[in-house]
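> From the sequence below, what's the structure:
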Amino acid sequence: DFSWTRGGRDVFFGPMSTPLGKLTSPASIAVDAVLVIAFFLYLYSLVAPHVPSRDPKMIMFFGAACAACMSGVFWLAIQMFRVVFKAQRMAKK
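Coordinates of the predicted model:
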């Protein structure tokens, strides 16, 4: 039983802000997906020659694993940028 879970006063937090509405659209997600795929292919072409193996399957696996990890980070960065940018534009209105 924690003090902040009981009803009554707000112990640590004030009221939450109101939602701004939908910040992404299917079209923006599709554009982001195309960007991420292009980024993956570019990054794979950069890292695959540096995999220390002579087995083509291992080169493909580890090159793709590295490119996938970095593409996931790129996806998150794009999503955060879009949401923050749109929220700032909506806040100005």
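> Could I get the contacting residues of the residue nearest the centre of the chain?
In the chain, the residue lying closest to the centroid (C-alpha atoms, centre = their mean) is Leu76, at 1.0 Å. Not one residue lies near Leu76 by C-beta atoms under 8 Å, 6 or more residues apart in numbering. C-beta coordinates here come from the backbone N, C-alpha and C atoms, glycine included.
> How about the secondary structure of Leu23?
For Leu23, the assignment made with DSSP: H, G, I helix; E, B strand; the rest coil gives coil.
> since we're on it, how many residues are nearby?
A total of 15 residues lie near Leu23 under the criterion other C-beta atoms under 10 Å.
> Just confirm it contacts Phe81, I think it does.
No - assessed by C-beta atoms under 8 Å, Leu23 is found out of contact with Phe81, at 11.2 Å.
> thinking again about what came up before, distance of the residue nearest to the centre of the chain from Cys69?
Relative to Cys69, Leu76 is positioned 11 Å away (C-beta to C-beta, to the nearest Å).
> try Met80
Between Met80 and Cys69 the computed distance is 17 Å (C-beta to C-beta).
> What helix or strand is the residue nearest to the centre of the chain located in?
Following DSSP states H and E, one finds Leu76 within helix 56-92.
> any idea how far that helix is from the chain center?
5 Å (C-alpha atoms, centre = their mean, to the nearest Å).
> Could you shift the numbering so residue one becomes 27, and keep it that way?
Shifting the count to begin at 27 puts that one at helix 82-118.
> Enumerate the positions of that helix that are buried.
If you call a residue buried by 16 or more other C-beta atoms under 10 Å, then helix 82-118 has these buried ones: 85, 88-90, 92-93, 96-97, 100-101, 104, 108, 112.
> So for Met86, what's the pLDDT?
The per-residue pLDDT reported for Met86 equals 97.
> Any chance of the backbone angles for the spatially closest residue to it that is not a sequence neighbour?
In space, and not counting its chain neighbours, Met86 is closest to Ala74: 7.3 Å by C-beta to C-beta, 6 or more residues apart in numbering. Per-residue torsions, Ala74: phi -60, psi -40 (degrees, to the nearest 10).
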